[in-house]
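Q: Here is my input; please provide its structure:
(chains A and B)
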Amino acid sequence: DTEVTQTPKHLVMGMTNKKSLKCEQHMGHRAMYWYKQKAKKPPELMFVYSYEKLSINESVPSRFSPECPNSSLLNLHLHALQPEDSALYLCASSDNAAVYYEQYFGPGTRLTVT
Amino acid sequence: SQQGEEDPQALSIQEGENATMNCSYKTSINNLQWYRQNSGRGLVHLILIRSNEREKHSGRLRVTLDTSKKSSSLLITASRAADTASYFCATDARQGGKLIFGQGTELSVKP
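A: Here you go, the predicted structure:
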């Protein structure tokens, strides 16, 4: 199974809502990532988890809160978002958080903040 | 910050033609990867080339790497309409799995 799944596919939320994005992989990968992608732009790294520990936080605002409950699951908790946070949120995983490994991406969650 | 720059930004060709995309980066790397993204979907890994390699092939894909010029190219031969997508190069930032993506090339292959 070389698939990374993400739920939901689409999410519309108001600025006062709290919601969560979910990501799951069953490839035994020990590194998982969250990216944000705006239209016609490259993905921008937000967080990296390595062996279930947060290893990189790219100075992401605290209204985004990642969580890695176990090695297969990655969540992104959202609270008090702004309209400019509307984007495609991509989850990825790799065998290891080292530079020589390809990353497997999920299909993304299209988030709209109203 | 280190970032790949790609050119052209957009490329439109006919089916059967070859497509070449270029990527330049700023600082030394351990490896360079190419990814494809169909509209509004996740990225798919195409090929990884290490800094000590000069050329790599995978099916209809050919990637070259010139570390002296800090540049790479992706060649897709005998293109198909299904190759229509955005193509991104990504370089490692020498920091635990962090990839820096280039701006991407939008390829359109017309049947």
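Q: Show me which residues of chain A are close to chain B?
A: Within chain A, the positions lying close to chain B (CB under 8 Å from any CB of the partner chain) are A:4, A:31, A:33, A:40-45, A:48, A:50, A:55-56, A:88, A:90, A:92, A:94, A:96-108, A:110. C-beta coordinates here come from the backbone N, C-alpha and C atoms, glycine included.
Q: Recalculate using a threshold of 10 Å.
A: A:4, A:6, A:31-33, A:35, A:37, A:39-45, A:48-50, A:55-56, A:58, A:88, A:90-92, A:94-108, A:110 (CB under 10 Å from any CB of the partner chain).
Q: Show me the residue at the heart of chain A, geometrically.
A: Centroid check for chain A by CA atoms, centre = their mean gives residue A:34 as the closest residue, at 2.9 Å.
Q: mind listing what it touches?
A: Residues near residue A:34 by CB atoms under 10 Å, 6 or more residues apart in numbering or on different chains: A:21, A:23, A:43-49, A:57-58, A:60, A:64, A:66, A:74-76, A:89-92.
Q: Look at it and tell me its secondary structure.
A: strand (DSSP: H, G, I helix; E, B strand; the rest coil).
Q: ok, how many other residues are close to residue 28?
A: No chain in the question, so chain A it is. Number of residues near residue A:28 (other CB atoms under 10 Å in any protein chain shown) recorded here: 10.
Q: sorry, should have said chain B
A: By the criterion of other CB under 10 Å, residue B:28 has 12 neighbours.
Q: wait, is it part of a strand?
A: No. Applying three-state DSSP, one finds residue B:28 to be coil, outside a strand.
Q: and it, what are its phi and psi?
A: phi -60, psi 150 (degrees, to the nearest 10).
Q: if I look at it, how far off is residue B:51?
A: 7 Å (CB to CB, to the nearest Å).
Q: Over to residue A:58?
A: 24 Å.
Q: How about residue A:39?
A: 32 Å.
Q: swap in residue A:21?
A: Going from residue A:21 to residue B:51 by CB to CB gives 34 Å.
Q: Look at those two and report which has more neighbours.
A: Taking residue A:21 and residue B:51 together and counting by other CB under 10 Å, residue A:21 has the greater number of neighbours (22 against 14).
Q: residues touching the residue nearest to the more buried one when sequence neighbours are not counted, list them.
A: Nearest residue to residue A:21, sequence neighbours excluded (CB to CB, 6 or more residues apart in numbering or on different chains): residue A:76, at 4.3 Å. The contact partners of residue A:76, by CB under 10 Å, 6+ apart, come to A:6, A:19-23, A:34, A:36, A:46-47, A:60, A:64-67, A:89, A:91, A:109, A:111.
Q: can you do 6 Å?
A: By CB atoms under 6 Å, 6 or more residues apart in numbering or on different chains, the residues touching residue A:76 are A:21, A:34, A:66.
Q: Can you pull out the low-pLDDT segments for the chain?
A: Since no chain was named, I'll use chain A. Residues of chain A that meet the criterion pLDDT under 70 lie in A:1-2, A:99-100.
Q: Chain B is the one I meant
A: B:1-4, B:94-97.
Q: would you list every one of the strands in it?
A: Under the criterion DSSP state E, chain B contains strands at B:5-7, B:10-14, B:19-24, B:31-37, B:43-50, B:55-58, B:61-66, B:71-76, B:85-92, B:99-101, B:105-110.
Q: on that earlier part again, report the beta-bridge partners for the residue nearest to residue A:21.
A: With DSSP bridges as the criterion, residue A:76 is bridged to residue A:21, residue A:66.
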